[in-house]
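1. need a structure here:
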Amino acid sequence: MNSEKRKKKNEERIQGSSAHCLWTMASRLVLCASLLAFCAAVPAFAQNRRLEAKLEEQRVFPGNPVYLNVIFFGEQEDVEKPDIPQMDGLQIKYVGPSSRISVVNGKVTQSISHNFLIIPLKEGVYEIGPFKADVRGEMFVAAPVTLIVSSGGQPSSARTSRSGPSPQPSAPVPSGPDTSNRRSYESDRIFLTMDVPKNRVYVGEIMPLTIKLLGTGVSIKDIEYPTYQHDGFSAGDFPEPDKGREMFRGMDYNTLVFSQDIAAVNEGDYTLGPAKLNCTMLVRREAPRRSSGFGRSIFDDDFFSSSLRGYQEYPIQLSSEALKITVLPLPIEGRPEDFLGAVGDFSFDVKADGNKVKLGDPVTFRMTIGGRGNLDTVAAPEIQESLDLKVYKPQVSKKGNTKIYEQVVIPKSEGMKEISGVSFSFFDPKTGRYKTLTRGPFTIEVLPRPAGEGPAKMISAPTPDLMGQVTYQDEKLGRDLIFIKEGPARLVPSGKSVYNGWPFWLFQLFPLSVLILAYLTHREKEKIRLDKKYARFTRAPRKATRGINRAKALIGKKDPLGFYDAVYRTLQGYIGDKFNLSKGAVTGQVIEDVLKPAGYSDAQMADLKHVFEACEMARYASLIPDAQKESEVLNSLRKAIDILERGKGKRG
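-> You can find the predicted model right below:
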């Protein structure tokens, strides 16, 4: 009995000991697991803090933008933007920060990146950095990065696809907003050339000059007309440039060609240019990246960003190479006596309006000079006056590359059989020699005037009318003398006369009114002809009305680009004419530069800005035809022009 009790107690003791052992082992296992989990978690959150700098590309073309990312790993708070000084040859602009958190195999990584946009302006090797960041009193340093800018070879990535198509240019402009903040810009992607066919010309010779803007893979706007130094040469205004495409050094470029003729004025050695052209380059921004920890965020999609906000504007100035030109004097040897300074390659034709006239009747000679050359140096050929021939001064007109002289002569003798020939001498710069062209003599038959035909006619100098027709005013001889009367004329009895009534005197005011109206009309035409600024100001409303009608016709035609181009050109032309600015100088910034000093308020300029922004949106973004929106833009244009035309609200 006692043995059984002892046996039972031993079994209970063994079971209790086993349970205790199992409990102890389980506790130890839980403790080990906790320690292991803690040890695994510590490196997950105890990330190594460091600062790194990375270039998106290490080798780029001039003008090809590249992003620089300065990244701090380990924290996202209290990490200030590192300061990067501007460097000669580079344009550096801070874009903004972006943060990132990721979990890979249980490891948590967090970082913040400060992003910079770098635009290389010229070739070279640039060392950017080192970079420093103060994080909670602790200084972190990242090694510098090297950027190679070269026009030769192939960059590591063709990033030119960032830029959209080149927009249409505005037209012309020595005047415009302040361009002192523009940077001189050099790149194989966009550049300016100036060219002439030869570098040795003669005094008075006309030479074509071409300034060409070439661009590929870049977007530009607000293109102004080029300017250049041209001492020793005369030059007029540029006409509208020609757009095209051409292959240059194995690459396909969009081109904008400015052409004009220049004429050498004085002999000597001169420098043409360099030509300079101001424009604005558009560079697509890199949007800050927002990450959810599971890759790229849906909000990074271009659908959620405005097309205009996606571009950064950079005012730049392009320059061409200068040209050395030698202007030679006209040779003395072989110069004809009747040479009057004409330089070029001309044709000469002379025609008379008849070869059989009555004594004292006029004969008109039409002398036409045409060809390639400087018509400003062409003077009228001379018809020799004699005892038998009266010669009047010629009347001149110009049509294109042709100059026409019309000269009236009057035979004074019945025995006259011919009129001597007419010669025209000029210097041909192609051959370097003088040439003389002679036409005539001209056969003429002078008939006697019948006795009963009345007095001979004296012809005044012909004057061409607005249609180019020449008319002659007759003067009859013998009407300037009134003989003394030997007796009184027939007497009229006194009484009520017509001139005693008020209708007679009222009628006398009519010719005076016509005379005053004619005088005012003539003075207005002369002012418009002589004062270009006033002429542009006067014609601005009519031109704007025509532009508005053109834009109105495009509403609902499913051509939004054509509509906004018509609106842009109308507003640009109206402001340019109204304030005497060149078309290419009229931009959104000019609205504030010109209108604000004139006393217009921001509210009154809002419609103008709205129209400009809508037009720029149409240029750089794909638009869906929207007749309602187009009507709203057109109404804003009408309202803005109406405010400017009435000149109301100068005090806002």
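2. C-alpha from now on. contacts and neighbour counts both.
-> Fine.
3. just the strands in the stretch 401-550 of the chain please.
-> Along the stretch 401-550 of the chain, the segments classed as strands by DSSP state E, counting those that start in this stretch run 402-411, 418-419, 422-428, 433-439, 442-443, 445-447, 457-459, 463-464, 470-471, 474-476.
4. nope, the stretch 1-150 of the chain is what I meant
-> Applying DSSP E, counting those that start in this stretch to the stretch 1-150 of the chain gives strands spanning 50-55, 59-60, 66-73, 90-104, 107-120, 124-128, 131-135, 138-142, 145-149.
5. Least reliable of the ones you listed by average pLDDT, please.
-> Per-stretch mean pLDDT for the strands of the stretch 1-150 of the chain is lowest at strand 90-104 (a mean of 79).
6. Spell out which strands sit alongside that one in the sheet and which way each one runs.
-> For strand 90-104, sheet partners with direction are given as strand 107-120 (antiparallel), following DSSP bridges.
7. how about the partner strand: buried residues?
-> Buried positions in strand 107-120, judged by neighbour count with 16 or more other CA atoms under 10 Å: 108-120.
8. now do stretch 142-153
-> Buried residues in stretch 142-153, defined by neighbour count with 16+ other CA under 10 Å: Ala142, Val145, Leu147, Ile148, Val149, Ser150, Ser151.
9. if I look at the fourth one, how far off is Ile92?
-> Ile148 sits 15 Å away from Ile92 when distances are taken as CA to CA, to the nearest Å.
10. what does the first one give?
-> Here the distance between Ala142 and Ile92 works out to 18 Å (CA to CA).
11. which residues touch Glu205?
-> Residues near Glu205 by CA atoms under 8 Å, 6 or more residues apart in numbering: Ala263, Ala264, Val343, Gly344, Gly373, Asn374, Pro429.
12. next one: Glu77
-> Taking CA under 8 Å, 6+ apart, one finds nothing in contact with Glu77.
13. Please apply the same query to Lys390.
-> Val409, Ile410, Pro411, Lys412.
14. Give me the neighbour count for Asn549.
-> Counted by other CA atoms under 10 Å, the residues lying close to Asn549 total 14.
15. pLDDT (mean, whole number) over the helix or strand harbouring Tyr314?
-> Taking DSSP states H and E as the definition, Tyr314 sits inside strand 311-319. For strand 311-319, the mean pLDDT works out to 85.
16. Partner strands of it and their direction?
-> Strands that pair with strand 311-319, judged by DSSP bridges, come out as strand 183-185 (parallel), strand 276-284 (antiparallel).
17. Mean neighbour count and distance to Phe248 for the ones you listed - can I get that in CSV?
-> Below are the strands paired with strand 311-319 laid out as CSV (neighbours: other CA atoms under 10 Å; distance: least, CA to CA, whole Å):
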stretch, mean neighbour count, distance to Phe248
strand 183-185, 17, 19
strand 276-284, 21, 20
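18. Now the weakest link among those strands, please, by mean pLDDT.
-> Among the strands paired with strand 311-319, strand 183-185 has the lowest mean pLDDT, at a mean of 69.
19. following it, which helix or strand comes up?
-> That would be, after strand 183-185 and using DSSP H and E, strand 190-195.
20. Packing partners of the next helix or strand after that following strand?
-> Scanning forward in sequence from strand 190-195 by DSSP H and E, the next helix or strand is strand 200-202. Packing partners of strand 200-202 (3 or more CA pairs under 8 Å, 6 or more residues apart in numbering; DSSP states H and E): strand 323-328.
21. next one: the very next helix or strand once past the strand it packs on to chain centre, how far?
-> Later in the chain than strand 323-328, the nearest helix or strand by DSSP H and E is strand 343-352. Offset of strand 343-352 from its chain centre (CA atoms, centre = their mean, to the nearest Å): 38 Å.
22. Quick one: list the elements packing against strand 343-352.
-> In terms of contacts (3+ CA pairs under 8 Å, 6+ apart), strand 343-352 is packed against strand 363-374, strand 422-428, strand 433-439.
23. and Leu117, how far is that from Ala133?
-> Separation of Leu117 from Ala133 (CA to CA): 19 Å.
24. try Asn48
-> Distance check for Asn48 against Ala133: by CA to CA, it reads 15 Å.
25. So which of these two has more stuff around it?
-> Neighbours were counted for Asn48 and for Ala133 using other CA under 10 Å; Ala133 has more, 21 against 11.
26. what's across from that one in the sheet?
-> Beta bridges link Ala133 to Phe140, judged by DSSP bridges.
27. That one contacts Val79, correct?
-> Yes: between Ala133 and Val79 there is a contact under CA atoms under 8 Å: 7.0 Å.
28. just checking, Leu634 touches Gly547?
-> No: using CA under 8 Å, Leu634 makes no contact with Gly547, being 10.6 Å away.
29. shared neighbours, the two?
-> In contact with both Leu634 and Gly547: Val567, using CA under 8 Å, 6+ apart.
30. where does Ala263 land on pLDDT?
-> Note for Ala263: predicted pLDDT of 92.
31. if I've got this straight, it is in a helix?
-> No: counting by DSSP: H, G, I helix; E, B strand; the rest coil, Ala263 is not part of a helix but strand.
32. Near it, how many other residues are there?
-> Neighbours of Ala263 using other CA under 10 Å come to 21.
33. Wait, it touches Val201, no?
-> No: counting by CA under 8 Å, Ala263 stays clear of Val201, with 9.2 Å between them.
34. Need the overlap of contacts for the two.
-> Met207.
35. Tell me where the stretch 301-450 of the chain is predicted with low confidence.
-> 301-310 (pLDDT under 70).
36. can we see that at 50?
-> For the stretch 301-450 of the chain, applying pLDDT under 50 flags the ranges 301-308.
37. Pull the number of nearby residues for the nearest residue to Pro120 once chain neighbours are set aside.
-> Nearest in space to Pro120, with sequence neighbours left out and distances taken as CA to CA, 6 or more residues apart in numbering, is Leu90 at 4.7 Å. Using other CA under 10 Å, the number of residues around Leu90 comes to 19.
38. so Leu90 makes contact with Glu123?
-> No: with contact defined as CA under 8 Å, Leu90 does not reach Glu123; the gap is 9.6 Å.
39. Distance-wise, check Thr109 relative to Pro97.
-> According to CA to CA, Thr109 stands 17 Å off from Pro97.
40. In the stretch 101-250 of the chain, where is pLDDT below threshold?
-> In the predicted model, the stretch 101-250 of the chain carries pLDDT under 50 at residues 153-180.
41. same thing but 80
-> Counting by pLDDT under 80, the low-confidence segments of the stretch 101-250 of the chain come to 101-109, 136-137, 151-188, 249-250.
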